[in-house]
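Visitor: Show me the folded form of this:
(6 chains)
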There are 6 protein chains.
Amino acid sequence: MPRPILLFTGPWADLPLEHLVAKTGDWGYQGFELCCWGDHLEVQRGLSDDDYAPALLDQLARHDLQIPVVANHKVGQAVSDPIDARHQLLLPEYVWGDGNPKGVRQRAAEEMAATFRVAEKLGASVVSGFTGSPIWSFVAGYPAPKPGQLAEAFKQFAGQWNPILDVAKETGVRFACEVHPGQLAFDLYSAEVTLDALHGREEFGFLFDPSHLHWQGVDPVEFLRRFADRIYHVHIKDAVLSLNGRSGVLAGYWPSGDPKRGWQFRSPGRGGIDWEAIIRTLNEIQYDGPLAIDWHDPGMDREFGAAEAYKFVRQLDFDPPARGPHVSRG
Amino acid sequence: MPRPILLFTGPWADLPLEHLVAKTGDWGYQGFELCCWGDHLEVQRGLSDDDYAPALLDQLARHDLQIPVVANHKVGQAVSDPIDARHQLLLPEYVWGDGNPKGVRQRAAEEMAATFRVAEKLGASVVSGFTGSPIWSFVAGYPAPKPGQLAEAFKQFAGQWNPILDVAKETGVRFACEVHPGQLAFDLYSAEVTLDALHGREEFGFLFDPSHLHWQGVDPVEFLRRFADRIYHVHIKDAVLSLNGRSGVLAGYWPSGDPKRGWQFRSPGRGGIDWEAIIRTLNEIQYDGPLAIDWHDPGMDREFGAAEAYKFVRQLDFDPPARGPHVSRG
Amino acid sequence: MPRPILLFTGPWADLPLEHLVAKTGDWGYQGFELCCWGDHLEVQRGLSDDDYAPALLDQLARHDLQIPVVANHKVGQAVSDPIDARHQLLLPEYVWGDGNPKGVRQRAAEEMAATFRVAEKLGASVVSGFTGSPIWSFVAGYPAPKPGQLAEAFKQFAGQWNPILDVAKETGVRFACEVHPGQLAFDLYSAEVTLDALHGREEFGFLFDPSHLHWQGVDPVEFLRRFADRIYHVHIKDAVLSLNGRSGVLAGYWPSGDPKRGWQFRSPGRGGIDWEAIIRTLNEIQYDGPLAIDWHDPGMDREFGAAEAYKFVRQLDFDPPARGPHVSRG
Amino acid sequence: MPRPILLFTGPWADLPLEHLVAKTGDWGYQGFELCCWGDHLEVQRGLSDDDYAPALLDQLARHDLQIPVVANHKVGQAVSDPIDARHQLLLPEYVWGDGNPKGVRQRAAEEMAATFRVAEKLGASVVSGFTGSPIWSFVAGYPAPKPGQLAEAFKQFAGQWNPILDVAKETGVRFACEVHPGQLAFDLYSAEVTLDALHGREEFGFLFDPSHLHWQGVDPVEFLRRFADRIYHVHIKDAVLSLNGRSGVLAGYWPSGDPKRGWQFRSPGRGGIDWEAIIRTLNEIQYDGPLAIDWHDPGMDREFGAAEAYKFVRQLDFDPPARGPHVSRG
Amino acid sequence: MPRPILLFTGPWADLPLEHLVAKTGDWGYQGFELCCWGDHLEVQRGLSDDDYAPALLDQLARHDLQIPVVANHKVGQAVSDPIDARHQLLLPEYVWGDGNPKGVRQRAAEEMAATFRVAEKLGASVVSGFTGSPIWSFVAGYPAPKPGQLAEAFKQFAGQWNPILDVAKETGVRFACEVHPGQLAFDLYSAEVTLDALHGREEFGFLFDPSHLHWQGVDPVEFLRRFADRIYHVHIKDAVLSLNGRSGVLAGYWPSGDPKRGWQFRSPGRGGIDWEAIIRTLNEIQYDGPLAIDWHDPGMDREFGAAEAYKFVRQLDFDPPARGPHVSRG
Amino acid sequence: MPRPILLFTGPWADLPLEHLVAKTGDWGYQGFELCCWGDHLEVQRGLSDDDYAPALLDQLARHDLQIPVVANHKVGQAVSDPIDARHQLLLPEYVWGDGNPKGVRQRAAEEMAATFRVAEKLGASVVSGFTGSPIWSFVAGYPAPKPGQLAEAFKQFAGQWNPILDVAKETGVRFACEVHPGQLAFDLYSAEVTLDALHGREEFGFLFDPSHLHWQGVDPVEFLRRFADRIYHVHIKDAVLSLNGRSGVLAGYWPSGDPKRGWQFRSPGRGGIDWEAIIRTLNEIQYDGPLAIDWHDPGMDREFGAAEAYKFVRQLDFDPPARGPHVSRG
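Guide: Below you'll find the predicted structure:
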């Protein structure tokens, strides 16, 4: 299925967008999942300056690139997290402000709403991102949560995100919540309760990234089947277990690529993920959105990697049968 | 090797100690790893009341039970954790006080120091427990830590625990830090850096509990070999992976026993842990301390379980060769 | 959970019941799943002779044996099978009659109805058995079925079994359909459609025997969870894969025990089945019926085996927590 | 070894042969395993019309295509099967006739004999096909066969096929019996007894298709080594296990591609088969016949698939050493 | 099958026989596989002193112990080995003599012949032992052998052992050659060629010890089936792989028990060997000789181990069906 | 990392060098690991004839080929082996001489020293080779070595190689000892003790060839990490386990390719080695030397293989990040 193949610009935010545009076009990509940090997309300018979006679209069009998806992971993280010093590095100054937690969360929510409005201007149909989580410290930690604490957290989460999702509805842009450690939804069952907390409203679906499920032991195919109509965006990112008796899956305090970790990110097709099964299931559930390469591999030159990743995904994305399957005989 | 087999009383703290004493003697145990909550051991009374310790020892001696280890996990957790509402449920009222984080941590540290003094009075040679962690939210979470943040955390940890360990040294009682999620040391490599942060001082070693390593993919045997001279206490507790494609190793928000979890605790010998390899390695590294059953199995009656666990460990703890190994021939 | 442990008498039908009664009592069993062949239970006598059932119950009571379950696999097989020469060996003469397929199926259905009436007289709460299948030749065969053919077969099946199940309802005795190759329901998904074909009527549930699921690659635990309220009876029977590159799971034309087969039956606890997981799941779904040992092991003396199997199951069937699970700490 | 790569036309019989010819030539294939259904090959016309074969060969030669193998699976199935309604859909009208089983089997046998004569006219050296089985319902079913029943079935089989094989001998065209569920020979050991039933006559060998062995747990390499001089034809078809705890290897009533099945067909190179080992073993046993792609993949567009499959096999079929192996040093 | 359970005395040769006799009787054993070193059995005294054998038998009979098997591994090793300094430690002084290789091999052959004569006097039916190998340095070494070198070695081997086997024939005592690294026969295929070199003469069969096959990756069950009528003796000895990425199966220069080895010996039932499959296959091939425990476990007290090993084997050795297997039903 | 890709000429020594030069250039290689047998490199001529080296370099330069490595495995083997008839086939006549072991070893040592001098003339920075081993017969053999015997052997080894390594130092050419069965260093731990025996002198490092570690169960990645600064040369050679229950890892007396072996060599990328992990680890340890293809595959035409192997390695050898790894976000 010739789905558009995008480059997620988050890991390239150290490069000016204009440099990235030329490279990305050369590698063959159809567009960007454009991140709202670095100089890639400035939300407040996009909101207030009517020339910003057309100019940006024009700049990309010169390299045949589109923006079907806008990404704002860093701000989203602050909406439902308990705020501490770590968040200052994630947020624009005007969102962080005085750093008072309640105010930070409120401003982050407003910035997310603004992101949907800018996405609409850019013709994007999806905003992707993180949500943060009021209860991440409970996951695999100590002490365990009491049931009342969980219920309270999910209620708080809904209260924080429903207003944002109202804007999503108004703009016709959907939210693809990345299922990822550190978020309220980080595996199959937590995605279920997160969706339930929002009463399954249609503006909210998932960004499926199998690399985050793989090392947890969750089968990405089961995830896709369980949420067949809620896959709003897809990341292509690979991972591999590197357990050797001493390393562990929690990967400790060690940076990406450190051999002391029990798993590693890998350039697509070079890790342990069964892409063959994933593409078939995406076909089966009739996902027809883009495939965004979220390139990260601590052991490979990233430009080499981005180029080979495009070729890998182009080959992966084969045609399913036009009609139903053919009957076999022998 | 006929090591003493203890019952860790933490999971039985809902029972009055006097009830537990009789049962435990009947099951055949040699003693307790006695916890400082419920009515099992009252640290402040032990400290101030000179009759308390002798009376307690006397009560146990009537059932041939000893107290080689005193456990204070709950208070230890508060020493290095960022304090929030969850800790109120863990702590005695006089430690929680007004709940101001700095004060709570300070009072928790003092209570830990007191625990060593009471342990000395009881003739125990080890205090076991948790430490809490200033950086647990970084583990498997988002965003990742910056190197400076880690260094700062380890320094803070050392500052909090060195005074407690000074008391340990003074009393001749060692601290066995349980390697467990939620703590600074939760796997092999994090145990390494934790030990380094304390410059390897001898009062500080580990409580080895293979159930917490197993689901992380860390081989308990490697842990024992790496820290051969720092195994100060051992928990016998089993665990089993229950991955089925939908569940994950982070086990989510689900209580013990819930089939949505990717792993479960099990009564010793009924899980996935290779006890044969563990006992051989304990022999190899010449660990001669007690084996404490930390019984937890959400699918089994606990009294049935405590009785069968004792028999399991008694049989497990076989004799190594008196002299070196014999030469084989055919 | 002290569930009654029964001996399924089918594999012992070559022995007169009176011989079997004494042995079974000695081995420790609580009763029989009594089969309607050999001289163990004569349906027509039970139906017409008012002294038959009391005398039988009396004979067993002298050895403290009960009959909670009556088994009529052989006759059940003829209800929905296409009838051919193989069935003559399975059926009483008066059911086979002239062997005309339509008549045989009709008489088999009447005999099954009669079995429920006799079971009621014996105080049994369950009849176990096979159903046969109009479409077994399609399973793994050639050519594949057309959708219309399947729909027709399920409709035919319902037409054949609903009258029998009406008698089940009338007598208050439930039918436990053994999920087994050769039957309409032979794995998890086929059990689903079979239950649907009967509109889920309550008289119809399953006899769970993990040995038939194991070699198919179906996880018995998943089966129990899927049909938590439809497990009406349980067989304890073990199996082991014996694939070696040349043997295959279809096991060919080879008799039990032949090394050319890709799997084998085994005495309970000596095969590949995870009984620990199964007993926990039976506890979890609160199955409180009997556990019937369907003993078959081509490599072991059967009397030796029946005795050891009883001990195995007695030990397996441990107590779950009286109340919910206990909270763990460390 | 540059073996001819053929397309087996069975799965393409919905297309007129003239359409298929052009495509197949474009994809690079060297010829067809031409099926006797659809409009691909009309046996009776080929037999009676002297211009039919030359015209057909001429039509193909224009695209550089040959016909080394003629396939007649559907008619072969009826020779030894118990005949029922399913066979009407498989057979030409003149073979089905009035549907009386004995007559159908007889006419099917005659049609198979005719197929060898037509194959000879086309210059083919092999007829491939099914045989049916009088005893398929015994495989994995209930009740199990008695030894006498098996012996009788093999005798009947030999009686049905020996006259056909006499024609094979007369024409110099060999029969490649596809080892496949639903046939008398469906795994390694059943192939052994089938060959024995025919006293090993040379006209009879096997069509090796690893996809049918893979999910049974039979190692295709062992099959090739066991029947090194009886591999008369080879299908390239892939398969993959899709067991997930709920699905099973018998694959139930579910059509190809349904996720409820425990295994699936796959385009060559995208499944679980170890083609590297297979091609090496084909070299080792010096098989020098064609490799026919029997393309079936319910999740892929078939034209895309047929093209990539050709490339896959072309690359797979590497050169073995001209002389014996070279000696290694370091 | 109540086979006699023996203790192989080789690993106990440091104990005087009289001490071992009492212990062995207490542990429950039925007899010894008595070794010809230490003071256990003196071949030359047995040969020349007519009172020696009766006195020995009498000594054992007082503890209900028999000697069905006499072991002479150390001398056997010297018959076909290239002799060097290592052999001096294995041999009695009168066999070593001046250490000239040709003479040593000749005297070793004569001592082996004498061993059979003494075995006859003791009523033993089997002599067990090693053979040595002229070509062990070729196995896994460098350079590889030339075919001519192999043929020559097998011829030499036959020339050395045929005279010994002539004495075996004369005395009615068979030779059980232990399949073991360092011998001509060390795995399944090397056992085949060794047997062929002796033209399959009946005096020569194998001592089956699964521990030596396990780490080589050879399935002990396949070995038993391949040599069903040549299993003349059985050792019960367990082994476990201990590969961890750094250790290797060749086990290096490291003594038994060293964690740097990739495999270890274990007390029976505590390693990786599938004893369930082995005992069933011994029943299947109708082996009715003794089971000799060759106890070696570098991590366990040997007296503790010898006692538990006896109990393990007694339980393992269950009864096969008196008649053929029973037919199963459900 | 664009490392030079070499062809190791050892397996091609049957071809005159001039023939090989042209082919190798066409396949794309950058140079040779040139062996000192066949007519490829004549050590004594190189030493005495000042025109030899320049002429050779010139001949290769015409095809853009270099000689970064000179290989002398066969002579190296004789330096520390116990000498027997097998070595005559390995050695030049003038090294074998009268075959007296002591003299052979001495002349082999001198020839190795000469090899370093010739390598210097050719501008090579590495000599690769074997060492032989005085104690190979102990590995996996019988009887086991005594500690004193090992210590003596390592001392002898150092005495034999230190003079050669002195020449290495003098010439500035390092020795890359191939870790390989039959040598003193054949796995990770034996490499450790070998290096220790030489007091870690810098002239001595390892030729890393993962194919020899793979079947031993040693993880090649662990080897690279353990000897990060001692990897002086790398062979690209693949291997695959072919265990099937009957074959074993010692591979018996069977030549390369024989299915009775438990493992086989394979053309790179077609075996079981995880090249992805290896190349990443070579990048991690910053190995920047050449990658030499030591091509051996008994089932493939060697010219076909050498060509595809070059392409495989060229693609494998990707660029690591120029700077450190990039931080990932989602």
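
Visitor: residues in the stretch 101-250 of chain A within reach of chain D, list them.
Guide: A:219, A:222, A:225 (CB under 8 Å from any CB of the partner chain). In short, each C-beta sits where N, CA and C put it, glycine included.

Visitor: How much space separates the nearest residue to the first one once chain neighbours are set aside from A:Ala228?
Guide: Using CB to CB, 6 or more residues apart in numbering or on different chains and skipping residues adjacent in sequence, the residue nearest A:Asp219 is B:Gly245, 3.8 Å away. According to CB to CB, to the nearest Å, B:Gly245 stands 16 Å off from A:Ala228.

Visitor: Equivalent analysis for A:Cys36, please.
Guide: In terms of CB to CB, A:Cys36 sits 29 Å off from A:Ala228.

Visitor: next one: A:Gln160
Guide: 27 Å.

Visitor: Have a look at these two and say which one is more surrounded.
Guide: A:Gln160 (19 against 14; other CB atoms under 10 Å in any protein chain shown).

Visitor: Just list the residues touching A:Val234, thanks.
Guide: Shown in contact with A:Val234 (CB atoms under 8 Å, 6 or more residues apart in numbering or on different chains): A:207-209, A:282, A:287, A:289-292.

Visitor: Check A:Ser125 too.
Guide: A:Ser125 neighbours (CB under 8 Å, 6+ apart): A:68-69, A:119, A:172-174.

Visitor: before we move on, what about A:Ala309?
Guide: A:236, A:267-269, A:293, A:295.

Visitor: Tell me which two in these are the farthest apart.
Guide: Spanning the widest gap among the contacts of A:Ala309 are A:Gly269 and A:Trp295, at 11.8 Å by CB to CB.

Visitor: out of those two, which sits in the more crowded spot?
Guide: A:Trp295 (27 against 17).

Visitor: Show the contacting residues for that one.
Guide: Counting by CB under 8 Å, 6+ apart, A:Trp295 has contacts A:7-8, A:11, A:237, A:267-268, A:302, A:305-306, A:309.

Visitor: mind checking how far the residue in the stretch 1-150 of chain A that chain C sits nearest to is from D:Phe312?
Guide: Nearest residue of the stretch 1-150 of chain A to chain C: A:Ala144, at 7.1 Å (CB to the nearest CB). Noted for A:Ala144: a distance of 51 Å to D:Phe312, by CB to CB.

Visitor: what does A:Phe154 give?
Guide: On the measure of CB to CB, A:Phe154 and D:Phe312 end up 49 Å apart.

Visitor: Find the nearest non-adjacent residue to A:Arg314, please.
Guide: Leaving out its chain neighbours, A:Arg314 is closest to A:Ile5 (CB to CB, 6+ apart), at 6.4 Å.

Visitor: Could you check which helix or strand contains the residue nearest to A:Thr24 when sequence neighbours are not counted?
Guide: Closest residue in space to A:Thr24, ignoring its immediate chain neighbours: A:Leu7 at 5.2 Å, by CB to CB, 6+ apart. Per DSSP states H and E: A:Leu7 is located in strand A:5-8.

Visitor: and that strand, which strands flank it?
Guide: strand A:31-35 (parallel), strand A:291-293 (parallel) (DSSP bridges).

Visitor: want to throw these into a markdown table with mean pLDDT?
Guide: A markdown table is the format used below for these (pLDDT from 0 to 100):
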| stretch | mean pLDDT |
| --- | --- |
| strand A:31-35 | 98 |
| strand A:291-293 | 98 |
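
Visitor: Phi and psi next, for A:Gly217.
Guide: With angles defined as degrees, to the nearest 10, A:Gly217 sits at phi 90, psi 10.

Visitor: I figured it was touching B:Gly262, is that so?
Guide: Yes. Counting by CB atoms under 8 Å, A:Gly217 touches B:Gly262, with 5.4 Å between them.

Visitor: what's the overlap in contacts for these two?
Guide: B:241, B:243, B:247-249.

Visitor: ok, those residues vs chain D, which is closest?
Guide: Nearest member of those to chain D, counting by CB to the nearest CB, is B:Leu243, at 10.0 Å.

Visitor: Setting aside sequence neighbours, what's the nearest residue to the closest one?
Guide: Per CB to CB, 6+ apart, closest to B:Leu243 is A:Gly217, 4.3 Å.

Visitor: residues contacting that neighbour?
Guide: B:241, B:243, B:247-249, B:262.
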